[in-house]
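Asks: model this:
(chains A and B)
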There are 2 protein chains.
Amino acid sequence: MTLDDKWFTEISVSSGTAFSLKLTHKVHEEQTPYQHIAIYETEAFGTLMTIDGCIMLSDRDNFIYHEMLSHPALFSHPDPKQVVIIGGGDCGTLREVLKHPGVENVRQIELDERVTRLAERYFPDLCESNCDQRAKLQFIDGIQWMADASPNSIDIIIIDSTDPVGPAEGLFSLPFYKNCHSALRQNGLLVQQSESPLVHMDIIKAMYHAFQSAGFSAVSTFNFPQCVYPSGWWSATMAAKPGIEQSLRAFREQDTSNKSFETEYYNAAIHRAALATPEFFKRCLSKY
Amino acid sequence: MTLDDKWFTEISVSSGTAFSLKLTHKVHEEQTPYQHIAIYETEAFGTLMTIDGCIMLSDRDNFIYHEMLSHPALFSHPDPKQVVIIGGGDCGTLREVLKHPGVENVRQIELDERVTRLAERYFPDLCESNCDQRAKLQFIDGIQWMADASPNSIDIIIIDSTDPVGPAEGLFSLPFYKNCHSALRQNGLLVQQSESPLVHMDIIKAMYHAFQSAGFSAVSTFNFPQCVYPSGWWSATMAAKPGIEQSLRAFREQDTSNKSFETEYYNAAIHRAALATPEFFKRCLSKY
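Replies: Sure thing, here's the model as predicted:
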């Protein structure tokens, strides 16, 4: 089979795979100071946003990614009040974080304001909490922001970035992780999207090394499906400061079961399930 | 991005998606009395088998599918001795089933002998247990075989087929399920690959209806990643006869933890995890 020009295709060079969505039409495209953003309507996945030729999100399956990048971390921390999102310009993660009534303040630090402005227009559901009084959106460099952050000031840092190439490369680096470690409070947690367990174990291993070098004493990866990303299987990795290692696996299950908001994918059983580690993954990380 | 002729692409028309693997070369192709089979070498996924333009398996990720189609069912049944595989011509599921020392007899009923002969040649690892004295390979129609099967004679039926179109359509039908129900012993279980929870919920719902109509009293779906199948997220569904409903969720965890063989994906935590049900899935099946 060959694909005509009615398809958007993203090639993952390192894994020798490609994923395509059938389009109905292009809705918008622009070159921002940082990247090329395009918006399409697809035949069966709703609206699609791409950045520099890579799929960022679709209407149909973004709920899994956004729920899994937020709720596991928030239900792992004993009482999160101060949350910072680095990246996350489509505001889907922000919306999920704001569902937690105990959260007092969420700062979203996105480099490219145009991502958020286009999300407001083309993914309005994801942006429905942007005017929440607890939310503060800033459009500046997250790496610099974290270097300047007050020590011991944040409960949870969520790193919701593109892949570790180009502008996001520094978000997977030891200096950045050290600054995150410093900015986190005593019970603080960091969670970061960590690519595919099937085809990116080299990236995950490097992250484990860097987290450990930055002073985090517990690191735990959880997995979830994400159709539009390479291999269709994705992960996020949490890192905790010394003293609260157990919280990464012993989350607030009772609170999760009694949560006051609805989700489409996440629940207590899914949280436990996401933490299960496949055999090959254990072997690969046994000597990290 | 467009893909040149160095790629094998499978289009999933109903989900408006396509998945592609980069090839190095075609190794073999033939038209059998039933279907067109092709074997390729890929750049990063090892050897690839396709049937009628659909990806059947790759070296790199078939371990997840084969382990999940066998071990959850075998560790859910209290003491499986007589196992029947319908389809499964690549013999990967057969190999996993034969790892269970308590299994006395495995009959594999594959329609197309050429699938197995090509697997023996191009996927020798998957066929390494084909000469086990407990294994009996027959190349006949599984639907007819099940209609003729002795009542109360089988502990586990594994339906490892292609999608519910073409030759495999009858393997997703009420008459076939009724014959499976009749052939199963008192504690018997059936497990069948059941497509993608993200893009094939209509098929899963229809299966639930048909299982119930056939007399199965408990039905349970479990999920796992499978990169080369549409959406990258796949499922299998188990059905149990009345009286052993609880076994589908309360599997032999101790035996799983003490299993005498190695796996690459499956373990007790993964088994529990696979049974976790996403919120959207619960809602979709709440009135099945």
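Asks: quick one: strands adjacent to whichever strand in chain A runs longest?
Replies: Longest strand in chain A, counting residues (DSSP state E): strand A:17-31. Sheet pairing of strand A:17-31 (DSSP bridges) gives strand A:7-12 (antiparallel), strand A:36-42 (antiparallel), strand B:17-31 (antiparallel).
Asks: any buried residues in it, and which?
Replies: By neighbour count on 16 or more other Cβ atoms under 10 Å in any protein chain shown, the buried set for strand A:17-31 is A:17-23, A:27. No exception for glycine: its C-beta is placed from N, CA and C like everyone else's.
Asks: stretch A:41-58 too?
Replies: Buried residues in stretch A:41-58, counted by 16+ other Cβ under 10 Å: A:42, A:44-51, A:54-58.
Asks: so what does the helix or strand A:D202 falls within touch, helix or strand wise?
Replies: Here A:D202 is covered by helix A:201-213, with elements defined by DSSP states H and E. Judged by 3 or more Cβ pairs under 8 Å, 6 or more residues apart in numbering or on different chains; DSSP states H and E, the packing partners of helix A:201-213 are helix A:174-183, strand A:218-225, strand A:233-240, helix A:279-285.
Asks: hmm, who's touching that helix?
Replies: Contacts of helix A:201-213 with the rest of the structure, by Cβ atoms under 8 Å, 6 or more residues apart in numbering or on different chains, involve A:164, A:172-174, A:177, A:190, A:192, A:194-195, A:197, A:219, A:221, A:235, A:237, A:239, A:281, A:284-285, A:288.
Asks: near chain B, list only the ones from those.
Replies: A:P197 (Cβ under 8 Å from any Cβ of the partner chain).
Asks: buried ones from the contacts of helix A:201-213, can you make that a PyMOL selection?
Replies: Paste this into PyMOL to select the buried members of the contacts of helix A:201-213, with burial taken from 16+ other Cβ under 10 Å:
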select buried, chain A and resi 164+172+177+190+192+194+195+197+219+221+235+237+239+281+284
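Asks: tell me how far the residue positioned nearest the centre of chain A lies from chain B.
Replies: Residue closest to the average C-alpha location in chain A (Cα atoms, centre = their mean): A:D160, at 3.3 Å. Distance from A:D160 to chain B, counting by Cβ to the nearest Cβ, to the nearest Å: 20 Å.
Asks: what sits against the closest residue to that residue other than its chain neighbours?
Replies: Spatially, and ignoring its direct neighbours in sequence, A:D160 is nearest to A:G88 (3.7 Å; Cβ to Cβ, 6 or more residues apart in numbering or on different chains). Taking Cβ under 8 Å, 6+ apart as the criterion, A:G88 is in contact with A:94, A:108, A:110, A:158, A:160.
Asks: check A:A218 too.
Replies: Taking Cβ under 8 Å, 6+ apart, one finds A:239-240, A:244-246, A:248 in contact with A:A218.
Asks: also A:N187?
Replies: For A:N187, the contact set (Cβ under 8 Å, 6+ apart) comprises A:77-79, A:155, A:241, A:243-244, A:247.
Asks: and if you look at A:Y40?
Replies: Taking Cβ under 8 Å, 6+ apart as the criterion, A:Y40 is in contact with A:8, A:21, A:23-27, A:47-48, A:50.
Asks: enumerate the residues of the stretch 151-288 of chain A near chain B.
Replies: Residues of the stretch 151-288 of chain A lying near chain B (Cβ under 8 Å from any Cβ): A:197-199, A:223, A:225-227, A:231-233, A:262-267, A:269-270, A:272-280.
Asks: buried subset of these?
Replies: Buried among those (16+ other Cβ under 10 Å): A:197-199, A:223, A:225-227, A:231-233, A:263-267, A:269-270, A:272-280.
Asks: how about the nearest residue to A:S182, chain neighbours excluded?
Replies: Using Cβ to Cβ, 6+ apart, the nearest residue to A:S182 is A:P151, at 5.1 Å.
Asks: and that neighbour, what pLDDT?
Replies: With respect to pLDDT, A:P151 scores 98.
Asks: next: the one 10 residues further on.
Replies: Reading off the per-residue confidence, A:S161 sits at a pLDDT of 90.
Asks: verify the stated contact: it with A:G170.
Replies: No - when contacts are counted by Cβ atoms under 8 Å, A:S161 is not listed as touching A:G170 (9.5 Å).
Asks: which one's more surrounded, these two?
Replies: Neighbour totals were compared for A:S161 and A:G170, and A:S161 leads with 22 against 16 (other Cβ atoms under 10 Å in any protein chain shown).
Asks: how near is that one to A:L126?
Replies: Taking Cβ to Cβ, to the nearest Å as the measure, A:S161 falls 16 Å from A:L126.
Asks: what's around the residue nearest to A:Y177 when sequence neighbours are not counted, how many residues?
Replies: Of all residues not flanking A:Y177 in the chain, A:A214 sits nearest, at 3.7 Å (Cβ to Cβ, 6+ apart). The local packing of A:A214 (other Cβ under 10 Å) involves 19 other residues.
Asks: any idea how far chain B is from A:A214?
Replies: 28 Å.
Asks: same check on A:L184?
Replies: Distance from A:L184 to chain B, by Cβ to the nearest Cβ: 28 Å.
Asks: and the residue lying closest to that residue once chain neighbours are set aside, how many residues sit next to it?
Replies: Closest residue to A:L184 apart from its sequence neighbours, by Cβ to Cβ, 6+ apart: A:I154 at 5.4 Å. Around A:I154 there are 24 other residues, counting by other Cβ under 10 Å.
Asks: isn't A:I154 up against A:K81?
Replies: No - A:I154 is beyond contact range of A:K81, at 9.5 Å (criterion: Cβ under 8 Å).
Asks: so A:V191 belongs to a helix, correct?
Replies: No - assigned with DSSP: H, G, I helix; E, B strand; the rest coil, A:V191 falls outside any helix and is strand.
Asks: for it, give me its contacts.
Replies: A:V191 touches A:69, A:72-73, A:156-159, A:236-239, counting by Cβ under 8 Å, 6+ apart.
Asks: could you redo the last one with a cut-off of 10 Å?
Replies: Taking Cβ atoms under 10 Å, 6 or more residues apart in numbering or on different chains, we find A:V191 in contact with A:68-70, A:72-74, A:76-77, A:93, A:156-160, A:220, A:222, A:236-240, A:248.
Asks: against A:V199, how distant is the residue of the stretch 151-288 of chain A found nearest chain B?
Replies: Using Cβ to the nearest Cβ, the single residue of the stretch 151-288 of chain A nearest to chain B is A:G232, 1.3 Å away. A:G232 sits 10 Å away from A:V199, going by Cβ to Cβ.
Asks: list residues touching both of these two?
Replies: Among the neighbours of A:G232, those also in contact with A:V199 (Cβ under 10 Å, 6+ apart) are A:17, B:61, B:227.
Asks: now those residues in TSV, please, with extra columns for pLDDT and distance to B:Q138.
Replies: TSV is the format used below for those (pLDDT from 0 to 100; distance: Cβ to Cβ, whole Å):
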residue	pLDDT	distance to B:Q138
A:T17	98	36
B:D61	97	28
B:C227	97	31
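Asks: which of those residues sits closest to B:A183?
Replies: Taking Cβ to Cβ as the measure, B:A183 lies nearest B:D61 of those, at 31.5 Å.
Asks: just give the nearest non-adjacent residue to the closest one, would you?
Replies: Nearest one to B:D61, counting by Cβ to Cβ, 6+ apart, is B:C227 at 4.7 Å.
Asks: sticking with that neighbour, tell me its helix or strand.
Replies: Counting by DSSP H and E, B:C227 is part of no helix or strand.
Asks: hmm, it is touching A:W234, no?
Replies: No - applying Cβ atoms under 10 Å, one finds B:C227 not in contact with A:W234, separated by 11.4 Å.
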